[in-house]
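Student: curious how this folds, go ahead:
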Amino acid sequence: MTKNKHPRTSWRIRPLLASVAIAAGVGTLSLSGPTYAAEFTVYKSPWCGCCSKWIDHLKASGHTVSTQDIESLDTVKKMAGVPEHLQSCHTAMVDGYVIEGHVPSKDIERLLAERPKAKGLAVPGMPAGSPGMEGGAPDKYDVMLFNPDGSSDVFARY
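Tutor: Residues are numbered from 1 along each chain as shown. Coordinates of the predicted model:
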């Protein structure tokens, strides 16, 4: 094992940071019928069941998903440029965009079709009724389109 040049970055996180950087700029997008089938890389806690349910939601929509289980997502979120006020429980990369939290697949598909100049989409927190958070009375929530400078606008409302 090589000596860590950055003492605050553990040896387990360093390879992850490289994969986040690569995933943020690389992705596959293919047109298949009325929706896009995309390849996602999802960074999540190994103990979070709602993240796995959101991944199932993506797969049910025809997308391919690979996962990276890590204990602390703070470094991933920082490297991906997710503003603190928009953070949630998992972070995904798809075709050059960042997807934070329980974003519905139809909104991701719209993002990939329209290709706005933005960093990505986020559903802050973990609202009931969002994909992966089903059950109970659903909360009203917004899907936010966020930019590299941290500004954001409402992309969809539920």
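
Student: what segments of the protein are strands?
Tutor: Applying DSSP state E to the chain gives strands spanning 29-32, 35-44, 64-69, 91-94, 97-100, 120-122, 142-146, 152-157.

Student: looking at those strands, which is nearest to Arg110?
Tutor: Among the strands of the chain, the nearest to Arg110 by C-beta to C-beta is strand 152-157 (7.8 Å). (Glycine included, C-beta is placed from N, CA and C.)

Student: neighbours of Asp69, how many?
Tutor: When counting by other C-beta atoms under 10 Å, one arrives at 12 neighbours for Asp69.

Student: not counting its neighbours along the chain, what's nearest it?
Tutor: Pro46 (3.9 Å; C-beta to C-beta, 6 or more residues apart in numbering).

Student: for that neighbour, give me its contacts.
Tutor: Asp69, Ile70, Glu71 (C-beta atoms under 8 Å, 6 or more residues apart in numbering).

Student: least confident of these?
Tutor: Least confident of the contacts of Pro46 in the model: Glu71, at 89.

Student: I'd assumed Tyr43 was in contact with that residue.
Tutor: No - Glu71 is not in contact with Tyr43 according to C-beta atoms under 8 Å; the separation is 11.0 Å.

Student: one step back: how about the strands of the chain, which one is nearest Ser130?
Tutor: Here strand 142-146 is closest among the strands of the chain (C-beta to C-beta), at 8.9 Å.

Student: Ser130 touches Asp107, doesn't it?
Tutor: No - if you go by C-beta under 8 Å, Ser130 and Asp107 don't touch, sitting 10.5 Å apart.

Student: of the two, who's got more company?
Tutor: With neighbours defined as other C-beta under 10 Å, Ser130 and Asp107 compare such that Ser130 has more, 23 against 18.

Student: can you add distance to Glu100 and give the contacts of Pro46 back as JSON lines?
Tutor: As requested, the contacts of Pro46 are exported to JSON lines (distance: C-beta to C-beta, whole Å):
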{"residue": "Asp69", "distance to Glu100": "17"}
{"residue": "Ile70", "distance to Glu100": "15"}
{"residue": "Glu71", "distance to Glu100": "18"}
